[in-house]
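Peer 1: sequence and predicted model, in that order:
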Amino acid sequence: MFEITYDLVVFITGLMAVLASLGVILCSSPIYCALYLIGHMICLALLFLLYHAEFVAAVQIIVYAGAVMILFLFIIALLGGRKEIQEASFERFMALSFAGTLFGELLLAATVGPTKPIQGAVDAQVLAEVGSAKVVGLELFSRHLVPFELASVLLLVAAVGIICLAKFPSAPLKRRTR
Amino acid sequence: MPHRRAGLIACGAVGGAFAFSLYALSQMMFLEAEQRAGHVLTLYTWITSETFTLNLSILIDPLSVFMFLIVTGVGFLIHVYSLSYMEGDPEFPRFFAYLNLFIFSMLVLIAAADFFFLIVGWALVGLASYLLIGFWREKTSAVLAARKAFVMNVIGDVGMVIAAFVIFSHFGTLNYLDVFAAAKANLRPNDDVALLITLLLLVGAFAKSAQLPLHTWLPDAMEGPTPVSALIHAATMVTAGVYLVARCHVLYELAPYTMYFIAGVGVITAVFAGSMALVQYDIKRVIAYSTMSQLGYMFLAVGIGVFSAGMFHLMTHAFFKALLFLSAGSVIHALNGEQDLRRMGGLRKSMPLTHLTFLIGSLALAGFPLTSGFYSKEAIILSSYHGEMGNIFFWAIAVLTAGMTAFYIFRVYFYTFNGTLRSPEAHPHEGPLALTAPLVALAGLALLAGGLGHWVDEFLAPVFGAAPVHPEDELLETIAVTAGVVGIAFAGILYMTGRDRLEFVKQALAPIYDLLYNKYYVDEIYDFLIVRPTKAIGAFLEEKAERQGIDFAVDEVGAQIHGVSRGIGLWQSGKVRTYALNMVAGLVVILLFVVFL
Amino acid sequence: MGPNFVLIISATIFCIGALGFMIRKNPLIMFMCVELMLNSVNFLLIGYSDFLNSMDGQIFALMIMAVAAAEVVVGLAIILTIFRTRHDLNVDHINVLKG
């Protein structure tokens, strides 16, 4: 009984994530797009939770649905969310066909490709708390310390980069005529 | 840096090196004769690989100590001399830096325990020589002369490097001692390898020591300051070739053909250069040709196998030739840079000390009895007949050259110091103490070093095998001395008053005179045979190969690529979305390959 | 739900993101589509981390989040700068790099 409920919850959440993402690309007003994206993020966070990744789920909520989306909304508010007229065109058709092909290929790959046997180096005791902040922290600061530090450097570089972009005013560009 | 301090530091450095050389000599004297050879000090292992090991090591044996003493000793005197000679030159410190660089390089060359560092030192002395010849860089002729010397030396360097390759490929090592031991054990006399190696080494030796046909740079090198001519182009660097042959005597003894060749080239260079010196009017050029000629003697000596006689002549020559150059420098200094013999004269009264030292140098060069040159030259001349490889031709030409030597050097002497001064505006005067003290010291050595002949033979015996037996032959000795005296007498008759008498001799022998005065037209022959064809080929290639071949091809490739890229450029719409489309298309294709193929 | 569900969901979201990136003209929304694609990969990693009993997937997802955050910040700053200079947010009009 619990299994079925669990699966059902997972299925519905996944479906909602897909629908929300469709909403992102189909809405013409950017502000709605952003709201759909927030919904999508929350659905994904739920999925993470259901797949035993509590810490990542929390980070997803805080960083993505929180900070990043606030930034998006702020920029949209700053620049003015102009509506975008969406009409059918050859380009659109090409894009749709490419994306469709890609999707088909991915599905085929999923069914055709060999499924890797389950293999993990984690014992039962650790398994019980997989995804908790403690284990993630242990992993992060022991085996993955160098990538972690590199990520911090990356963030620092990004911070310096936007300061540079914001600080030095760039002269208005003349449109090239040719 | 104040000029004076720069000069003093330089002198102190060389003086210290001389002191250390003396210390090495004293240490060596404590050892038994058999134990003196073959001390290798490894200071540092530079390269170690499976097949090749290169140590920064120095070889201490009687030969290298002997050369240390000459180089640092004469070098020190010339440094002191330069203190005064170069005074007032705006680039005084640069001069001393170069001089020290030269001494360093020369010591590297001598101390090297393998062919690698020999070549390093070899190339470095070439560089120092280049820098010093071109020291007065505002003088076009000096710069050109420096370039010429460098090119000629590099020809030699190439020979040396190839020789080192051959040695390495054949013996698998560059170490002197290993190579010599292996050569002794494995090679037959006149083995192909031995001949090849010795001849290739000889290219370097001939270029550095200005032997035919690579001699043309030495007279031009006199464009440098006089102390440079004395130090590098008379006393030390040019003897490096002789040193090389002596150092590699094991190899050369395995190649008697090469030895004959060396002796032949040496004796021909001796007479050839001596004859050119007969008619030159530039005081330094005469001495330069004389240097070539004396180097010819040294090569004759090592070519006929009397290595220690060659080294002995190298030593006495270093003394008296440095003395002659420095005296000439003193004269030039006194006459404010005048180098033309025809504008000198009568300096005996105004410069008595220089006159005396020049006279001593000339006597030693002419091989006048009891001077040092007499002993060393006699030893060579006698061996050229009596030595196991000697013959009558070598002897005859050597004696002829001895006569010429006496003639041309006394021609210079009479021109310079007798008669009356022919440049009225000059006020010749004796130089300061720093200028004259080295002259006196060198004069003493030039006069007295002859007595060291026996000691040199014995000292170098551990390197060269047994000390050579000096043949006794009063007749030949007398003839050689007579040749020298006759030369002096002729010079006296013709130039006693410092004027060209016997104009009719000049007229009668005009073609020969022209030939000699123009240095046998060797420069012109090189120009005609090598430089012009090279230039013509260059011009031809520039037109045909460069413009119509390479340039055309490159331009065409560029033009075609330009056209094609114009076409491709249309693809680049500048629209981000189109790029995204292309990216996804690429992704689709890649997935196709990854998943299904 | 097993691996197939995760694969299908993440592939779908990824393709939707790619499609959105190709058809939308507003750079802000294009950025959101990039986020969609990154998130779909994150989901895949988390799911498989669970199936394979390995923490590596989660760590990797964290790293991707860090990169995405940095990218968003810089990207939005660039968009802001473009807007300041051109007063126009249609990417089709930004074609200075046209060959």
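Peer 2: Nice, thanks for sending it over. Numbering: from 1, shown residues only, chains lettered A, B, ... in the order given.
Peer 1: find the nearest non-adjacent residue to residue C:44, please.
Peer 2: residue C:10 (4.2 Å; CB to CB, 6 or more residues apart in numbering or on different chains). C-beta coordinates here come from the backbone N, C-alpha and C atoms, glycine included.
Peer 1: ah, wrong one, I meant residue B:264
Peer 2: Among residues not flanking residue B:264 along the chain, residue B:303 sits closest, at 7.3 Å (CB to CB, 6+ apart).
Peer 1: how far away is that neighbour from residue B:483?
Peer 2: With the distance defined as CB to CB, to the nearest Å, residue B:303 ends up 21 Å from residue B:483.
Peer 1: go on, residue B:217?
Peer 2: With CB to CB as the criterion, residue B:217 and residue B:483 are 29 Å apart.
Peer 1: is the residue nearest to residue B:264 in contact with residue B:261, as I believe?
Peer 2: Yes: counting by CB atoms under 8 Å, residue B:303 does reach residue B:261; the two are 7.5 Å apart.
Peer 1: neighbour count for those two, which is higher?
Peer 2: More neighbours surround residue B:303 than the other of residue B:303 and residue B:261, with 29 against 17 (other CB atoms under 10 Å in any protein chain shown).
Peer 1: list the contacts for the more buried one?
Peer 2: Residues in contact with residue B:303 (CB atoms under 8 Å, 6 or more residues apart in numbering or on different chains) are B:245, B:259-266, B:389.
Peer 1: swap in residue B:74?
Peer 2: Taking CB under 8 Å, 6+ apart, we find residue B:74 in contact with B:231, B:235-236, B:318-319, B:322, B:442.
Peer 1: those residues into a markdown table, with extra columns for pLDDT, neighbour count and secondary structure?
Peer 2: Formatted as a markdown table, the contacts of residue B:74 follow (pLDDT from 0 to 100; neighbours: other CB atoms under 10 Å in any protein chain shown; DSSP: H, G, I helix; E, B strand; the rest coil):
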| residue | pLDDT | neighbour count | secondary structure |
| --- | --- | --- | --- |
| B:231 | 82 | 32 | helix |
| B:235 | 75 | 30 | helix |
| B:236 | 80 | 27 | coil |
| B:318 | 85 | 27 | helix |
| B:319 | 85 | 29 | helix |
| B:322 | 85 | 30 | helix |
| B:442 | 80 | 31 | helix |
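Peer 1: apart from its neighbours in sequence, what residue is nearest residue 10?
Peer 2: Because you didn't say which chain, this covers chain A. Closest to residue A:10 by CB to CB, 6+ apart is residue C:1, at 4.5 Å.
Peer 1: actually chain B
Peer 2: Closest residue to residue B:10 apart from its sequence neighbours, by CB to CB, 6+ apart: residue B:96 at 3.7 Å.
Peer 1: does the one you found touch residue B:78 like I think?
Peer 2: No: with contact defined as CB under 8 Å, residue B:96 and residue B:78 do not form a contacting pair (11.3 Å).
Peer 1: and those two? which has more neighbours close in?
Peer 2: residue B:78 (31 against 24).
Peer 1: any idea how far the more buried one lies from residue A:72?
Peer 2: From residue B:78 to residue A:72 the distance is 83 Å (CB to CB).
Peer 1: pLDDT weak spots in chain B?
Peer 2: Within chain B, the segments meeting pLDDT under 70 span B:1-2, B:33, B:423-426, B:466-471, B:495-520, B:523, B:595-597.
Peer 1: where in chain A is the helix or strand with the lowest mean pLDDT?
Peer 2: In chain A, the helix or strand scored least confidently by mean pLDDT, DSSP states H and E is helix A:124-128, which has a mean of 59.
Peer 1: remind me what the helix or strand following it packs against, helices and strands.
Peer 2: Downstream of helix A:124-128, the first helix or strand assigned by DSSP states H and E is helix A:133-142. Where contact means 3 or more CB pairs under 8 Å, 6 or more residues apart in numbering or on different chains; DSSP states H and E, helix A:133-142 is packed against helix A:54-59, helix C:56-86.
Peer 1: which one of those lies nearest to chain B?
Peer 2: With CB to the nearest CB as the measure, helix C:56-86 is the member of the helices and strands packed on helix A:133-142 nearest chain B (11.3 Å).
Peer 1: hmm, that closest one in reach of chain B?
Peer 2: No: using CB under 8 Å from any CB of the partner chain, helix C:56-86 stays clear of chain B, coming no nearer than 11.3 Å.
Peer 1: tell me which helix or strand the residue nearest to residue C:44 sits in.
Peer 2: Counting by DSSP H and E, residue C:10 is found in helix C:3-23.
Peer 1: which helices and strands does the following helix or strand past that helix pack with?
Peer 2: For helix C:3-23, the following helix or strand on the C-terminal side (DSSP H and E) is helix C:27-51. On a contact count with 3+ CB pairs under 8 Å, 6+ apart, helix C:27-51 meets helix A:2-26, helix A:30-50, helix A:69-79, helix C:3-23, helix C:56-86.
Peer 1: what angle sits between helix C:27-51 and helix A:2-26?
Peer 2: Helix C:27-51 runs at 160 degrees relative to helix A:2-26, counting by axes from the mean of the first three to the mean of the last three CA atoms, to 10 degrees.
Peer 1: work out the gap between helix C:27-51 and the centre of the chain.
Peer 2: Mean-position distance between helix C:27-51 and its chain equals 6 Å (CA atoms, centre = their mean, to the nearest Å).
Peer 1: turn the helices and strands packed on helix C:27-51 into TSV, including mean pLDDT.
Peer 2: TSV is the format used below for the helices and strands packed on helix C:27-51 (pLDDT from 0 to 100):
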stretch	mean pLDDT
helix A:2-26	89
helix A:30-50	91
helix A:69-79	86
helix C:3-23	89
helix C:56-86	86
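Peer 1: restricting to C-alpha, output the helix or strand residue B:555 falls within in CSV.
Peer 2: Here residue B:555 sits within helix B:552-569, counting by DSSP H and E. Provided in CSV are the C-alpha atoms of helix B:552-569 (Å, rounded to 0.1, in the frame of the first residue of the first chain):
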residue,chain,number,x,y,z
PHE,B,552,53.0,33.1,-54.6
ALA,B,553,51.9,29.9,-53.0
VAL,B,554,51.4,31.6,-49.6
ASP,B,555,49.5,34.4,-51.1
GLU,B,556,47.3,32.1,-53.2
VAL,B,557,46.5,29.9,-50.2
GLY,B,558,45.6,33.0,-48.3
ALA,B,559,43.4,34.4,-51.1
GLN,B,560,41.6,31.1,-51.5
ILE,B,561,41.0,30.7,-47.8
HIS,B,562,39.8,34.2,-47.7
GLY,B,563,37.3,33.5,-50.5
VAL,B,564,36.0,30.3,-48.9
SER,B,565,35.7,31.9,-45.5
ARG,B,566,33.7,34.7,-47.0
GLY,B,567,31.3,32.0,-48.2
ILE,B,568,31.3,30.3,-44.8
GLY,B,569,30.9,33.6,-43.0
